[in-house]
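[1] predicted model and sequence below, questions to follow.
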Amino acid sequence: MDITMVPVLHAQPSEKRLNLFERYLTLWVGLCMVAGVLLGQWAPNVVKGLRSLEFGESSHVNFPIAVLIWLMIIPMMMKVDFVSICNVGKRPRGLLVTLLVNWVVKPFSMAFFA
């Protein structure tokens, strides 16, 4: 059988749909902001209690905020392909560009905009 006679099967890319949370993320953020403002107006002692939960005295690192930030970051970290991290040294250009932008360009550009 001639190889040119074999039909080639092309996989159709599957359409990725956003889930409910991703689709309405702007709405969820807005609702959380409104809820935070309303909580501050209706229960100022609860907010004062949450603000007082710090790591150590005068550390200015709020425990509830630290926990919520980690809860926000963990899903992104779970999508990292840790096997490919071992291969970063084989093509370091992307890593070097990222380090340059994050540690040299961004601090000065943010200071400029501030």
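    That came in fine, so what should we check first? The structure displayed is predicted, hence computed values, not measured ones.
[2] name the SS class of the residue nearest the centre of the chain, please.
    Relative to the mean C-alpha position of the chain, the nearest C-alpha, by C-alpha atoms, centre = their mean, is the one of I73, at 5.0 Å. Here I73 is recorded as helix under DSSP: H, G, I helix; E, B strand; the rest coil.
[3] how close does it sit to L20?
    21 Å (C-beta to C-beta, to the nearest Å). Using the backbone N, CA and C atoms, a C-beta is placed for each residue, glycine as well.
[4] any buried residues in the helix-or-strand element of the chain with minimal mean pLDDT, and which?
    Lowest mean confidence among the helices and strands of the chain (mean pLDDT, DSSP states H and E): helix 82-85, at a mean of 79. Within helix 82-85, no residue qualifies as buried by neighbour count (16 or more other C-beta atoms under 10 Å).
[5] hey, where'd the helices end up in the chain?
    20-23, 25-42, 44-51, 63-78, 82-85, 93-100, 106-113 (DSSP state H).
[6] what's the closest of these to E57?
    Closest approach to E57 among the helices of the chain is made by helix 63-78 (12.9 Å; C-beta to C-beta).
[7] state the mean pLDDT of that closest one.
    Mean per-residue pLDDT for helix 63-78: 88.
[8] show me how far it is from its chain's centre.
    9 Å (C-alpha atoms, centre = their mean, to the nearest Å).
[9] any idea of the angle that helix forms with helix 44-51?
    Helix 63-78 runs at 60 degrees relative to helix 44-51, counting by axes from the mean of the first three to the mean of the last three C-alpha atoms, to 10 degrees.
[10] list of residues touching helix 63-78?
    By C-beta atoms under 8 Å, 6 or more residues apart in numbering, the list of residues contacting helix 63-78 from outside reads 50, 53-55.
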